[in-house]
Structures are given as structure tokens and as C-alpha cells.
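# sequence? don't have it. structure:
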């Protein structure tokens with residue numbers, strides 16, 4: 001009896017010691033991330049920053065930095081709302097996968113089922129559009145984009161606009177890879193047609209309301225949004241400036257969402273925790289795309305820095321960081337930049353939002369530094385501060 005009590009006591013002491021060590025490690029990680037985030041503000045990388053890092057489903061650091069508005073001198077809080085750009089694409093992908101599970105569409109459907117008059121629609125599948133192997137010319141690369149992006153149009157009107165671009169196809173469908181905002185915008189139109197309601201309502205009902213993402217929506221420039229951050233571009237001298245106006249109607253399913261770092265961490269918990277998709281659908285979403293000849297789509301990418309040297313699934317980049325598997329996406333839209341990454345083996349989520357975008361500015365570099373700290377990878381010398 002005495003020996004058993006001694007063994008139990010030792011076991012409890014060892015467990016308490018391990019728990020204490022884990023707590024100290026977590027505190028040290030949080031302090032390191034905090035220093036990196038504050039340094040990004042102090043060095044002028046961005047006016048404001050929002051960071052949410054979760055480990056094992058619990059917050060490691062959720063904190064905000066800097067200014068939501070330089071003109072009003074308003075601080076960023078954890079409830080401040082940022083536009084997140086192309087991080088929107090994974091929400092579009094999940095909506096399509098859910099509709100497929102419900103038997104309302106198939107990702108093997110041809111585009112002409114939904115947009116019969118769009119150029120080459122009969123040759124392009126929804127799957128190719130999700131993987132960026134459709135060849136659809138990205139409207140953000142068209143010379144008319146900077147001129148027309150302030151216009152407010154319906155989904156159908158923008159689709160007609162894109163169909164009249166001088167170039168609508170970059171390569172034969174399924175033969176190469178090129179990032180296409182047009183593909184994802186059209187996919188949002190497909191969701192609207194199948195559901196019979198605006199994409200904003202689809203996302204609200206399927207995702208935001210269900211998951212308690214109370215600060216998240218498909219953005220609309222007419223909305224009055226309490227706590228909305230002002231976004232900033234950068235001039236030739238690297239100084240912050242107010243960006244050109246862009247209507248969220250042109251971003252659509254390719255990049256129109258607004259959110260917070262905490263809400264995005266909540267999204268990742270649901271997505272990677274199996275709450276949103278069946279196992280088969282999630283596996284499809286996180287499987288690299290392939291060309292029609294069977295090669296991985298990355299084989300058609302000449303710049304090794306594209307996709308961080310990884311692959312593209314459905315709305316997610318699939319890559320590794322120093323041997324640590326990660327899945328995520330970055331987003332950039334006039335005045336804002338974002339990064340949302342999941343390290344499944346490390347059970348770590350990193351969401352970073354910034355109210356600036358431009359060379360050397362915004363969320364991207366600081367997010368990379370934070371991710372390395374969060375998973376215990378060595379810092380890159382050229383990014384160390």
C-alpha cells in the first residue's frame with residue numbers, strides 16, 4: 001500500500017512538472033511572437049496588425065497591435081475587422097464541396113452548365129477552376145481592371161464583363177497552371193445559381209452563423225461595419241497612403257471577405273476538425289491538383305517561389321516549412337493583406353491580418369516569422385529582427 005502510494009505521488013509530481021514545463025514553453029513562445037509582431041509595427045511594416053496563434057485548440061497568443069486608422073489614431077483591437085482577400089477562396093471551395101455532398105452539383109460539371117455563353121465554357125470543369133488549371137485569364141491581370149474595379153455590378157454583369165476581355169484563356173484547359181481570380185469569381189456565381197441566393201447569404205448560413213464567426217462576412221462597401229480598419233497602400237518612397245477604391249462586388253468569391261484573426265482561427269478549427277466536410281471531401285480539398293496528363297500541376301510552374309514550392313488543392317496551398325506540413329493561403333487586396341496557415345502535425349493555427357499591402361509591407365513577412373516561431377523552426381537570417 002505504501003509503495004503504491006509513493007508511486008502515485010511520484011507520478012503526480014512528474015505530471016505536474018511536465019505541465020509546468022509545457023506552460024513555461026508556451027509562455028516563451030507567446031512572448032517571442034509578441035516581440036516579432038510589435039517589431040513589425042515599430043519598424044513600419046504595417047500601421048496595424050492582428051495575430052491569433054492556437055496550439056492544440058487553445059489560444060497561445062491572441063493580440064492586436066498598432067493603428068486601425070492613421071487619420072483617426074484608432075488602435076487595432078481583437079474585434080477590429082480587416083478585409084482578407086484571397087483567403088476567401090477556401091470558403092468558396094468548401095461551399096462547393098458541401099453542395100457536391102448534397103447532390104446539388106458535381107465538381108466534374110462543365111462550366112457551360114452554369115454559364116453557357118462564357119468563352120470555352122464547355123471545355124472547363126469546376127475542378128479545374130478550383131485547382132487553377134482551367135486556363136481562365138485572371139481579370140485582375142486585364143488592363144481594364146484598374147480602371148473598372150471601382151464599379152459596382154452584379155455577379156452576372158461582372159461575368160459578362162470578363163467574357164468580353166481581349167484575353168479570356170491563357171492556355172488549353174488542364175494543360176498548365178496559372179492563378180485565376182476569374183475562375184473563383186465564376187465559382188461563386190455557380191454557388192449562387194445552385195443555392196438561388198446571394199453568396200453573402202450562403203456563407204452566412206453555411207459558415208459564419210453556424211461557427212459563431214460574428215465579425216465575418218462577405219464584404220460590401222455600403223455596409224456600416226463597427227470597428228472596420230482603414231486599409232493602406234504604399235507609395236514609391238515606402239510611405240503609407242490611402243489606396244484606390246475597389247468595389248467588393250468585383251472581388252466576390254475570389255476575395256471579398258472581411259474577418260478577424262480570431263474568427264479565422266475558429267474557421268480552421270472547424271475545417272481541420274472535420275466539422276464542415278466529410279472525410280472524402282476534406283481529402284479532396286487537401287489533395288494536390290493534377291494536369292490532364294497526370295502530372296502534378298506544380299510541374300507547370302516555372303517560378304519555384306510560387307506556392308512556396310508546394311501544390312494547390314481546393315482553395316488551399318499544400319506545402320512544408322522546414323519539414324513541417326502546412327496548409328493555408330495568403331490574401332492581398334487594396335489596403336489589406338492576410339495569412340491563414342494550419343500546421344496539422346504541430347496542431348498549430350496561425351492567423352495574421354494587416355491593414356496594409358505593398359513591397360515589404362503588410363502581413364506576409366511577419367506571418368512567416370511568426371509561423372516559424374510557433375512551430376519551433378529556425379528563423380531565416382534575412383527575415384530575422
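Cool, got the structure. Keep in mind the model is a prediction, meaning the values are calculated, not measured.
# State the helix or strand in which residue 90 lies.
Secondary structure here is read from DSSP states H and E; on that basis residue 90 sits in helix 88-101.
# I'd like the distance from that helix to the chain centre, please.
14 Å (CA atoms, centre = their mean, to the nearest Å).
# Show residues contacting it.
Contacts to helix 88-101, defined as CB atoms under 8 Å, 6 or more residues apart in numbering, come from residues 105-107, 126, 130, 184, 187-188, 190-191, 194-195, 202-203, 206-207, 218, 251, 253-257, 267, 271, 276-278, 281, 284-285, 314-316, 329, 331. For every residue, glycine as well, the C-beta is placed using N, CA and C.
# Might you specify the subset of those residues located within helices?
126, 130, 184, 187-188, 190-191, 194-195, 202-203, 251, 253-255, 267, 271, 281, 284-285 (DSSP state H).
# Can you say which of those are buried?
126, 130, 184, 187-188, 190-191, 194-195, 202-203, 251, 253-255, 267, 271, 281, 284-285 (16 or more other CB atoms under 10 Å).
# Distance check, residue 47 against residue 366.
Here the distance between residue 47 and residue 366 works out to 13 Å (CB to CB, to the nearest Å).
# So the two - more neighbours on which side?
Neighbours per residue (other CB atoms under 10 Å) separate residue 47 from residue 366, with residue 366 holding more: 28 against 22.
# In this structure the more buried one contacts residue 48, no?
No - here residue 366 lies out of contact with residue 48, judged by CB atoms under 8 Å, at a distance of 11.7 Å.
# What score does residue 203 have for pLDDT?
If you check residue 203, the pLDDT there is 98.
# Please name the residues that touch it.
Residue 203 makes contact with 91, 95, 217-218, 257, according to CB under 8 Å, 6+ apart.
# Grab the two from the residues you listed that are most spread out in space.
95 and 217 (14.5 Å; CB to CB).
# Between those two, tell me which one has more neighbours.
Neighbour count, other CB under 10 Å: between residue 95 and residue 217, residue 95 has more, with 24 against 19.
# Contacts only, for residue 280.
Listed by CB under 8 Å, 6+ apart, the contact set of residue 280 is empty.
# Could I get the pLDDT score of it?
What the model reports for residue 280 is a pLDDT of 98.
# what about the chain, any weak spots by pLDDT?
Along the chain, the parts satisfying pLDDT under 70 run over 1-24, 380-385.
# ranges for the strands of it?
Applying DSSP state E to the chain gives strands spanning 48-55, 58-69, 74-75, 82-83, 217-218, 233-234, 240-241, 257-259, 311-312, 317-321, 324-333, 336-343, 348-354.
# What's the local residue count around residue 205?
The local packing of residue 205 (other CB under 10 Å) involves 12 other residues.
# now do residue 46
Neighbours around residue 46, by other CB under 10 Å: 30.
# In contact with it, which residues?
Under the criterion of CB under 8 Å, 6+ apart, the neighbours of residue 46 are 40, 66, 232, 337, 354-356, 361-363, 366.
# Out of these, which two sit at the greatest distance?
Of all pairs drawn from the contacts of residue 46, the one with the longest distance (CB to CB) is 232 and 366, at 15.1 Å.
# Now the common contact residues for residue 366 and residue 48.
With contacts defined as CB under 8 Å, 6+ apart, the residues shared by residue 366 and residue 48 are residue 354.
# What's the end-to-end length of stretch 211-221?
As for stretch 211-221, its first-to-last residue distance stands at 24 Å under the measure CA to CA, to the nearest Å.
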